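**Student:** What shape does this take:
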Amino acid sequence: MMIASIKAMSIRHIWKVIIALSVVLGIFASVISIWTFSKIGDLRDLIDRAHNWNLKLQITEPSDGHRTSDRVLRVIGYVNFQASATDIGSETKINLLLEENEIDVVCYIHPLSQNEVWYLQHAPIIDQNGRFECLVFLNSNNPDLCVGHQLVALAVPRGQIASGTRHPSLPFYYAPSNVILVKAMNEANFPKRDKNVQK
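**Tutor:** Here you go, the predicted structure:
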């Protein structure tokens, strides 16, 4: 009789634990759902806000397929931005327009030898004409081999970049630049120059 009573108490205790866990999980799921819907709403707001924008980015240096033995590379590009029809043909400074509309330009490097890794670089300096310049760092675990890197610049909403420099994917962006392929090489891997060919 006592054993049966103990078993009954244990079963009731187990059920109480299960019910308590269900409640906690339900609350957690509700919080996640609310957070997800809020993020979707924020994303829709950002998309609606940029609906009439004319925003373009172009990396001009380095050229696509550029090969280098350096681990630090200078990147130059241009951003063209009109927030409305009144900005077309106006003398409004591009860097001020980006500031007013809370837009940041960021650069990312993706080593092709590493899956799903994008490295955020230092923020570019942007002048009034939209020219931007920054330094990017090529990441190679084996400098003796030719390692390809993808380089891209993005126009992103301010405050939307995750913390840290190593990201599994690119963030939400208003506009991307052209993607540049850069090959990091050891000097020994560069094609030998024919000594008989005059410079």
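**Student:** Show me where the protein has its strands.
**Tutor:** For the chain, strands defined by DSSP state E occupy the ranges 54-61, 66-68, 72-82, 103-111, 118-120, 125-126, 131-137, 147-157, 166-167, 175-176, 180-184.
**Student:** If you count neighbours, what's buried in the fifth one?
**Tutor:** Judged by neighbour count (16 or more other CB atoms under 10 Å), strand 118-120 contains these buried residues: 118, 119, 120. Glycine gets a C-beta too; all of them are placed from N, C-alpha and C.
**Student:** same thing with the first one?
**Tutor:** Residues of strand 54-61 classed as buried by neighbour count (16+ other CB under 10 Å): 55, 57, 59.
**Student:** Which single one of these is nearest to residue 106?
**Tutor:** Nearest to residue 106 among the buried residues of strand 54-61, counting by CB to CB, is residue 57 at 10.4 Å.
**Student:** quick one: the closest one and residue 174 touch, right?
**Tutor:** No - assessed by CB atoms under 8 Å, residue 57 is found out of contact with residue 174, at 9.4 Å.
**Student:** can you tell me which residues contact residue 94?
**Tutor:** Contacts for residue 94 (CB atoms under 8 Å, 6 or more residues apart in numbering) come out as 79, 80, 81, 126, 127, 128, 129, 130.
**Student:** quick one: which of the buried residues of strand 118-120 is nearest to residue 67?
**Tutor:** For those, the nearest to residue 67 is residue 119 (19.4 Å; CB to CB).
**Student:** Count residues in the vicinity of residue 98, would you?
**Tutor:** Residues lying near residue 98 (other CB atoms under 10 Å) number 21.
**Student:** if I read this right, it contacts residue 126, doesn't it?
**Tutor:** Yes - with contacts counted by CB under 8 Å, residue 98 reaches residue 126, the gap being 6.7 Å.
**Student:** Tell me what residue 68 is bridged to.
**Tutor:** Beta bridges link residue 68 to residue 184, judged by DSSP bridges.
**Student:** Relative to residue 99, how far out is it?
**Tutor:** According to CB to CB, to the nearest Å, residue 68 stands 32 Å off from residue 99.
**Student:** Looking at those two, which one has more neighbours?
**Tutor:** Ranked by neighbour count (other CB under 10 Å), residue 68 and residue 99 place residue 68 first, with 16 against 13.
**Student:** Please convert the strands of the chain to a markdown table, extending it with distance to residue 91 and mean pLDDT.
**Tutor:** Converted to a markdown table, those look like this (distance: least, CB to CB, whole Å; pLDDT from 0 to 100):
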| stretch | distance to residue 91 | mean pLDDT |
| --- | --- | --- |
| strand 54-61 | 16 | 94 |
| strand 66-68 | 34 | 91 |
| strand 72-82 | 12 | 93 |
| strand 103-111 | 19 | 94 |
| strand 118-120 | 32 | 94 |
| strand 125-126 | 16 | 96 |
| strand 131-137 | 16 | 95 |
| strand 147-157 | 21 | 92 |
| strand 166-167 | 37 | 92 |
| strand 175-176 | 22 | 93 |
| strand 180-184 | 31 | 91 |
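**Student:** Nothing else from me, thank you.
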